[in-house]
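Visitor: Sequence unavailable; structure follows:
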Ligand code: FSX
Ligand code: SF4
Ligand code: SF4
């Protein structure tokens, strides 16, 4: 693994941020950090201390596992390092080694032992139709546990909940027109069930890995981050995509792209929903900083509460 000095030098090279302002940024606003800055020793120490008393349990409902894949898609440092040394997820259906009833019993055991303290990360919507039978997440004592059961039990016991992805935050694709399964977001599920546990929404279909790790880091070291009206951390979702888009000048001059391969003109007529979307993709970029939606296609507004129905059709002007 790289040492602190190397990481800081790389950080400075890629962002132009000095060591002093970088350290200030990390210690001052933990939610502003991304995966690439996770190995700052001060932060690692704070996280490791917090994790002894605040485990993170990750459960999956009605989704595509894209949120987990997005988290696993981080390259430097490797996700193995992030998960083993920094986040130490105690339960994650896709990546943990244990399975079956042993894993489920462990999930409920940790939740009981850390009642009111652990953070529950929820990926996917909660299908409330058919008495919850559309989504069975495991068995305990040879009895099926539905996502609805798990949310009622673990959601009420958790100290905080991180709703991860469009499906968990606002219903997303499972709750789009039709919604055969009665798919519901975490916040709406809690409202319907009278559960008062605080929720941090990290939308996106899928969310950026930095949004996930940064929010978990903030929660563990400094508590609930500042949230906007839709429950999203303002540090990641406080800025309008269009107002900060490198193609804004083209938009203002009326220079409109007619095809996706156009390298510089505005993509509004190709369906770009950047004007109605708040996220920092334009500067954070995706795929380890390689590119972002507006470079190759259009913004489909995947972090907004009305996604996908309110943003459809994706490739037609708003
Ligand atoms: Fe939803 Fe997660 Fe979209 Fe998929 O499981 S946010 S469908 S990318 O990945 O919940
Ligand atoms: Fe706005 Fe999209 Fe055009 Fe960028 S490409 S200026 S976000 S409409
Ligand atoms: Fe979602 Fe738009 Fe960001 Fe792409 S640019 S990830 S569609 S918010």
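Guide: That came in fine, so what should we check first? From a predicted model like this one, the values you see are computed outputs, not experimental measurements. Numbers count the residues shown, from 1 in each chain. Ligands and ions are numbered 1, 2, ... in the order given.

Visitor: For the helix or strand containing residue 283, name the packing helices and strands.
Guide: Secondary structure assignment for residue 283, by DSSP states H and E: helix 281-284. Helix 281-284 is packed against helix 293-296, with contacts defined by 3 or more CB pairs under 8 Å, 6 or more residues apart in numbering; DSSP states H and E. Heads up, the C-betas are built off the backbone N, CA and C, glycines and all.

Visitor: give me that answer again for 10 Å
Guide: Packing partners of helix 281-284 (3 or more CB pairs under 10 Å, 6 or more residues apart in numbering; DSSP states H and E): helix 209-222, helix 293-296.

Visitor: of all those helices, which lies closest to ligand 2?
Guide: Smallest distance to ligand 2 across the helices and strands packed on helix 281-284 (CB to the nearest ligand atom): 5.0 Å, for helix 293-296.

Visitor: tell me which residues of the closest one are tucked away?
Guide: Residues 293-294 are the ones in helix 293-296 that count as buried (16 or more other CB atoms under 10 Å).

Visitor: wait, does that helix make contact with ligand 3?
Guide: Yes. Using CB under 6 Å from any ligand atom, helix 293-296 reaches ligand 3 at residue 293.

Visitor: Show me what that helix is packed against.
Guide: On a contact count with 3+ CB pairs under 10 Å, 6+ apart, helix 293-296 meets helix 281-284.

Visitor: Give me the mean pLDDT for the helix it packs on.
Guide: Across helix 281-284, the average pLDDT comes to 94.

Visitor: List the contacts of that helix.
Guide: Residues outside helix 281-284 that contact it (CB atoms under 10 Å, 6 or more residues apart in numbering): 15, 34, 204, 208-211, 214, 236, 239-248, 274, 289, 292-295, 299, 302-303.

Visitor: Any idea which residue of the chain lies closest to ligand 1?
Guide: The chain approaches ligand 1 most closely through residue 63 (2.4 Å), counting by CB to the nearest ligand atom.

Visitor: So which bits of the stretch 151-300 of the chain are right by ligand 2?
Guide: Counting by CB under 6 Å from any ligand atom, the residues of the stretch 151-300 of the chain that sit close to ligand 2 are 241-242, 245, 247-248, 251, 266-268, 272, 274-275, 294, 299.

Visitor: got the contact list for the residue in the stretch 151-300 of the chain that ligand 2 sits nearest to?
Guide: Nearest residue of the stretch 151-300 of the chain to ligand 2 (CB to the nearest ligand atom) works out as residue 274 at 2.4 Å. Residue 274 makes contact with 240-245, 247-248, 251, 266-268, 281-282, 293-294, 298-301, 318 under the criterion CB under 10 Å, 6+ apart.

Visitor: filter those by proximity to ligand 1?
Guide: With the criterion set as CB under 6 Å from any ligand atom, no member of these is near ligand 1.

Visitor: In strands only, show me those.
Guide: When the contacts of residue 274 are checked against strands using DSSP state E, none is located there.

Visitor: Can you go through the residues you listed and name the buried ones?
Guide: Looks like the contacts of residue 274 have 241-242, 245, 247, 251, 266-268, 281-282, 293-294, 298-301 buried, using 16+ other CB under 10 Å.

Visitor: tally of neighbours for residue 99?
Guide: For residue 99, the tally of surrounding residues (other CB atoms under 10 Å) stands at 10.

Visitor: Thought residue 93 was touching it, still the case?
Guide: Yes. Under the criterion of CB atoms under 10 Å, residue 99 makes contact with residue 93 at 8.6 Å.

Visitor: Where does pLDDT dip in the chain?
Guide: 1-44, 47, 74-78, 81, 84-88 (pLDDT under 70).

Visitor: Let's see that with 80 instead.
Guide: The chain contains residues with pLDDT under 80 at 1-52, 73-89.
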